[in-house]
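Trainee: Build me a model:
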Amino acid sequence: MNIEHRITEIFSGKAFERPVFYSIPGGLRFELSEGGDWLEQFDLAFRKALEICESIFDDEILVCIRTFGGKSLLSVLPVVRELKNIGLYPPTKKEHWKEKNQDDPEWATDEDEYWHTIAFHLPSSALKKLLWCSLACDQGIKPCPPASYYLFDLKKSIEVLPYDDRGMDVVGPNHEFLAELYSKYSQYLLDYDLDAMNATFSKKP
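Mentor: Residues are numbered from 1 along each chain as shown. A predicted model of the protein is given here:
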């Protein structure tokens, strides 16, 4: 079974429906940045995200880079080049698929607008670079290939989406593992969605 089908099967076809915290119920949403200037916000977000992700990923990360372009993969070549330059694009064993842009038909301006997904495995040592790229775009920090970075551990049935410097979603059908993260990093949970997370994970008397 290829990567696309495995992700579809484990996450019921909703792994890339944002925000994934609402698309895949029973997950976690972490608050990353807080007050301060842009550098303080980014630094804190990066440190929090790294701390949490180091508890999730052991030896390997399945990375899905998702970016917007035309019908051909060549249309996202600038993103691919940036990923290569920073060591986040392995030379072999990649999968690519695309789907028509249907997120907002009123916004779509061209019949050849597609979301491209490129999937590959990286060692867990790449985690710092992946989180940097995930969190840096809104802050204008470089390097920052313009894409969304979805991180998976399919053996644990866990998906991580650091969506920007403000927050990170961790979802999947492995509620036992998510419950461990809920307890371990309770101080980082986003207050806005805390009631929903408590309803799922807090132990009843």
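
Trainee: ok, which stretches of this protein are strands?
Mentor: Along the chain, counting by DSSP state E, strands occupy 28-31, 60-69, 95-100, 114-123, 148-153, 158-164, 167-171.

Trainee: can you redo those strands as JSON lines with mean neighbour count and mean pLDDT?
Mentor: Quick note: C-beta positions are derived from backbone N, CA and C, even for glycine. What follows is these, written out as JSON lines (neighbours: other CB atoms under 10 Å; pLDDT from 0 to 100):
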{"stretch": "strand 28-31", "mean neighbour count": "24", "mean pLDDT": "97"}
{"stretch": "strand 60-69", "mean neighbour count": "20", "mean pLDDT": "95"}
{"stretch": "strand 95-100", "mean neighbour count": "13", "mean pLDDT": "92"}
{"stretch": "strand 114-123", "mean neighbour count": "19", "mean pLDDT": "96"}
{"stretch": "strand 148-153", "mean neighbour count": "23", "mean pLDDT": "97"}
{"stretch": "strand 158-164", "mean neighbour count": "24", "mean pLDDT": "94"}
{"stretch": "strand 167-171", "mean neighbour count": "24", "mean pLDDT": "96"}
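
Trainee: With distance to residue 181 added, can I get these in CSV?
Mentor: Formatted as CSV, the strands of the chain follow (distance: least, CB to CB, whole Å):
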stretch, distance to residue 181
strand 28-31, 6
strand 60-69, 16
strand 95-100, 28
strand 114-123, 21
strand 148-153, 12
strand 158-164, 9
strand 167-171, 6
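
Trainee: Out of those strands, which is closest to residue 202?
Mentor: strand 28-31 (12.6 Å; CB to CB).
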